[in-house]
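Trainee: okay, predicted coordinates and the sequence, questions at the end:
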Amino acid sequence: MTTMTDNIQDAPVDEERPLTGLDRCDSCGSQAYIRATMGTSELLFCAHHGNKHKEKLAPLVSAWHDESHKLHQ
Ligand SMILES: [Zn+2]
């Protein structure tokens with residue numbers, strides 16, 4: 001069984017709408033660095049929860065916007 005993780009990296013990155021400090025993780029309320037788009041709905045995650053849910057959501061998302069690299073700047 002292959003994973004869908006590789007497909008996420010090929011998803012288009014939505015750089016036109018960067019996440020801001022007002023965007024909050026749907027799981028814990030921390031600042032969101034990841035946005036998962038699924039059709040017309042979106043989920044926001046902090047880096048921790050984004051990585052936690054990434055594999056499970058991979059088959060469902062149409063775009064995976066990840067700004068978690070900003071944490072390391
Ligand atoms: Zn979180």
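Mentor: Sure thing, it's come through.
Trainee: just confirm N51 is within a helix.
Mentor: Yes. Using DSSP: H, G, I helix; E, B strand; the rest coil, the assignment for N51 is a helix.
Trainee: over to E42. Which of the three states is it?
Mentor: Once three-state DSSP is applied, E42 turns out strand.
Trainee: excluding sequence neighbours, find me the nearest residue to it.
Mentor: R35 (5.7 Å; C-beta to C-beta, 6 or more residues apart in numbering). (Glycine included, C-beta is placed from N, CA and C.)
Trainee: can you pull out the strands in the chain?
Mentor: 34-38, 41-45, 63-66 (DSSP state E).
Trainee: that older thread, ok, the residue nearest to E42 touching S41?
Mentor: No. Under the criterion of C-beta atoms under 8 Å, R35 makes no contact with S41, lying 10.9 Å away.
Trainee: quick one: which of those two has more around it?
Mentor: More neighbours surround R35 than the other of R35 and S41, with 21 against 7 (other C-beta atoms under 10 Å).
Trainee: bridged to that one, which residues?
Mentor: According to DSSP bridges, the residues that bridge with R35 are L44, H65.
Trainee: that one: what's it in contact with?
Mentor: Taking C-beta atoms under 8 Å, 6 or more residues apart in numbering as the contact definition, R35 lies against 14, 17, 19, 23, 42-45, 63-65.
Trainee: count of neighbours near the nearest residue to V61 once chain neighbours are set aside?
Mentor: Distances taken as C-beta to C-beta, 6+ apart put A36 closest to V61, at 4.6 Å, once the chain neighbours are dropped. Under the neighbour criterion other C-beta under 10 Å, A36 is assigned a count of 24.
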